[in-house]
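> fold the following for me, if possible:
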Amino acid sequence: LDCGATDINEEMKKAAVKAIADLAMAESSERVADAYAGERLVFGPEYLIPKPFDPRLISEIAPAVARAAMETGVATRPILDFDAYQEKLAGFVFRSGILMKPILDRARQDPKRIVFAEGEDERVLRAVQALVDDRLAKPHLVGRPDVIAKRIERLGLRIQPDIHFQITNPLDDPRYDEYWTQYHELVERKGVTIDEAKTIIRTNTTAIAAMALKRGEADAMICGTYGQYEWHLKYVLDIIGKAKGVQDVSALSALILNKGTYFLCDTHVTPDPSAEEIVEMTELCAETVKRFGVIPKVALLSHSNFGSSPCASAGKMRKAMAMLLAKDLDFEVEGEMKGDTALDEKLRERIFPHARLTGSANMLVFPSIDAANTSFNLLKVLGDGLSVGPVLVGIAQPAHILTPAVTSRGIYNMSAVAVLDSQTKNPSRY
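Numbering: from 1, shown residues only. As a prediction, this is how the structure comes out:
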C-alpha cells in the first residue's frame, strides 16, 4: 500500500518470507520476551518464526516488500528514503519516536563513548545491541566478562566484546590503583577512608563508571537500573560534581500522554527547592526541552492561583516568578498557578486574563519533590504514559541516573540524550 503496488507478485512474497526468516534469527525484543516469559526465544526447533507481538515486524517486512515491488516495476509510488520510511513505521510501535527523532538524528552524526554502570543487566545489553545496530554510540560496559557473555548468548544477541563494545571488569582491572587513588583524593574530606575508597572502586559500578567519565575514558555515563536514585546521585556528585556556577542539579522527566508530551521537574533531586533553585532549574530544564525540538511553555505550579493563597509554598513560587520576570528569557513562563489553570487556556483567561502564557503549558515546575514525583507517577499510570528520562541537568559532565522501572527502549533513548549532551559539552576530537 505504501508504495502503491499494482500487484502482489512472487518476488514480493519471497521478500516477505526472507524478512520473516531474518527476524526469526535475530535476537528477540524485550516486549516479546516479556510476553513469552520463560520461553527461550532463540532460533531453533522451538522458535522458527517471530512471535506475532514482535514490534519489529512492521519495520522489517514492509520495507522489504516495498523494495521488491519497486525492483519488479509494480510500485507506482516508489519510496525514495528507506531510512525515513523505517523511522515512520517504528513510530507506530514506539510512542517515543516522534519526541526522540531530533535527538536520535543528531546523535547519529557524532556517536560518543557511553559507559554503562550496570553492564550485566539484560535491559542494558538489549539497548547496547540497538545502539550498535543504529550507530548511535560506542558502548562501554562495567561488569564481569563471563556474566556478560552468558547473558548475551542467552538473549541471542549479536554484539561481541572488543568489536562492538568494551568491558571494565571490576574484579580485575589494571587501572584499579589509579581509580581508587583518584577517587580518594576527591572524597577524603567527606569521611571516606583509604580502605573504603578501595572497596567502593572494587564493588560500586556507579563509582567506577563515574571515574571513567571523570578521567576522560568515556564521554557520558548511564546508571540507575537498580537501587535508589539518591544512592547513585551521591557518587555521581562526589566524582563528577555540578557544572560551574550551578547551585544544584535537578531531574527533568518527560511523559508522553494521549493529550501530548509534558516535561516535569524536579522529580528526583531536591526535596524543597528555594525560590532561587526553582529559577535555576526552570532555566536549565527549559534549555533541555529545546533539545527535544519542543518550544517550552513553562508553568510554575502551586495550590494557589496568582496570589490567591498566603501559604509559604505559594509565596516561594511567586518569588521565583518575579525573579524570572526580571530576566531576559526566550520562552514563555507564568505562575504561580494550579495544574488545571496551567493546562486549560480558557480557564486561565477567566481567572487571570493578563497571563503571559499562551496555549497549554508543556513544562511543569513543581514546588517540591513530593508534588513532582507523585504527579509524575500518577500521570504515568492513570494516563498510560510513556516516560523518557529522568534527565539530570546541571551536572558538570553528561551523566544520567535512570530508575529501576526503565525498559531497554528507555535506556536506548537516554543513551541518545547522553550522546547529544556530550556533543554539546565536548565536540568530537576523535
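> CA atoms for contacts and neighbours, from now on please.
Will do.
> T6 is in contact with T76, isn't it?
Yes. Judged on CA atoms under 8 Å, T6 makes contact with T76 at a distance of 7.2 Å.
> can you give the contact residues for stretch 180-189?
Residues outside stretch 180-189 that contact it (CA atoms under 8 Å, 6 or more residues apart in numbering): V192, T193, I194, A197, K198, I200, I201, M211, D238, I239.
> correction: the previous question concerned stretch 69-80.
By CA under 8 Å, 6+ apart, stretch 69-80 touches D2, C3, G4, A5, T6, D7, I8, N9, E11, M12, A66, Y85.
> may I have the phi/psi pair for the first one?
With angles defined as degrees, to the nearest 10, D2 sits at phi -60, psi -30.
> just give me the neighbour total for it.
13 (other CA atoms under 10 Å).
> quick one: the strands in the stretch 301-430 of the chain?
Along the stretch 301-430 of the chain, counting by DSSP state E, counting those that start in this stretch, strands occupy 332-337, 363-365, 386-393, 399-401.
> what's the last one packed up against?
To tie it back to what came earlier, the one meant is strand 399-401. strand 220-223, helix 229-239, strand 386-393, helix 408-425 (3 or more CA pairs under 8 Å, 6 or more residues apart in numbering; DSSP states H and E).
> partners of the first one in the sheet?
The partner list of strand 220-223 in its sheet, established with DSSP bridges, is strand 112-116 (parallel), strand 399-401 (parallel).
> quick one: closest of those strands to N305.
Each of the strands paired with strand 220-223 has some distance to N305 by CA to CA; the shortest is strand 399-401, at 33.5 Å.
> got any ranges where this structure has weak pLDDT?
Filtered on pLDDT under 70, the chain yields the residue ranges 28-43, 46-48, 51-53, 55, 90-97, 426-430.
> what sits against the residue nearest the centre of it?
The residue lying closest to the centre of the chain (CA atoms, centre = their mean) is M414, at 2.2 Å. Contacts for M414 were tallied using CA under 8 Å, 6+ apart; they are I222, V388, G389, V391, H400.
> also A416?
Taking CA under 8 Å, 6+ apart as the test, what A416 contacts is I103, L104, A107, L136, A137.
> give me the buried entries from the contacts of stretch 180-189.
Among the contacts of stretch 180-189, those classed as buried by 16 or more other CA atoms under 10 Å are V192, I194, A197, K198, I200, I201, M211, I239.
> got a markdown table for those, with secondary structure too?
Formatted as a markdown table, the entries for the buried ones among the contacts of stretch 180-189 read as follows, by DSSP: H, G, I helix; E, B strand; the rest coil:
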| residue | secondary structure |
| --- | --- |
| V192 | coil |
| I194 | helix |
| A197 | helix |
| K198 | helix |
| I200 | helix |
| I201 | helix |
| M211 | helix |
| I239 | helix |
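> closest to L284 among the residues you listed?
For those, the nearest to L284 is I239 (21.1 Å; CA to CA).
> pretty sure the closest one contacts K214?
Yes. With contacts counted by CA under 8 Å, I239 reaches K214, the gap being 7.0 Å.
> which among the strands of the stretch 301-430 of the chain is found nearest to N258?
strand 386-393 (9.7 Å).
> next, the distance between the ends of stretch 197-211.
12 Å (CA to CA, to the nearest Å).
> my bad, should have said stretch 292-303
29 Å.
> for that stretch, buried residues please.
So, applying 16+ other CA under 10 Å, buried residues of stretch 292-303: F292, V294, I295, P296, K297, V298, A299, L300, L301, S302.
> and stretch 12-20, by the same measure?
Applying 16+ other CA under 10 Å to stretch 12-20 flags M12, A15, A16, V17, A19, I20 as buried.
> so which strand or helix has the fifth one?
For A19, the enclosing helix or strand under DSSP states H and E is helix 10-25.
> pull the number of nearby residues for E217.
Around E217 there are 15 residues (other CA under 10 Å).
> hmm, who's touching stretch 159-177?
Contacts of stretch 159-177 (CA under 8 Å, 6+ apart): 129, 132, 138-145, 152, 201-203, 205, 208.
> which of the residues you listed count as buried?
Neighbour-count burial (16+ other CA under 10 Å) applied to the contacts of stretch 159-177 gives 129, 132, 138-145, 152, 201-202, 205, 208.
> related to what we said a few turns ago, will you turn the strands of the stretch 301-430 of the chain into a markdown table that also has mean neighbour count and distance to L171?
Shown next, in a markdown table, are the strands of the stretch 301-430 of the chain (neighbours: other CA atoms under 10 Å; distance: least, CA to CA, whole Å):
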| stretch | mean neighbour count | distance to L171 |
| --- | --- | --- |
| strand 332-337 | 24 | 50 |
| strand 363-365 | 26 | 43 |
| strand 386-393 | 23 | 29 |
| strand 399-401 | 26 | 23 |
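> report the buried residues of the helix or strand that contains T181.
Per DSSP H and E: T181 is located in helix 176-187. Within helix 176-187, the residues that count as buried by 16+ other CA under 10 Å are Y176, Y179, W180, Q182, Y183, H184, V187.
> looking at the residues you listed, which is nearest R350?
Using CA to CA, the buried residues of helix 176-187 come closest to R350 at V187, 54.4 Å.
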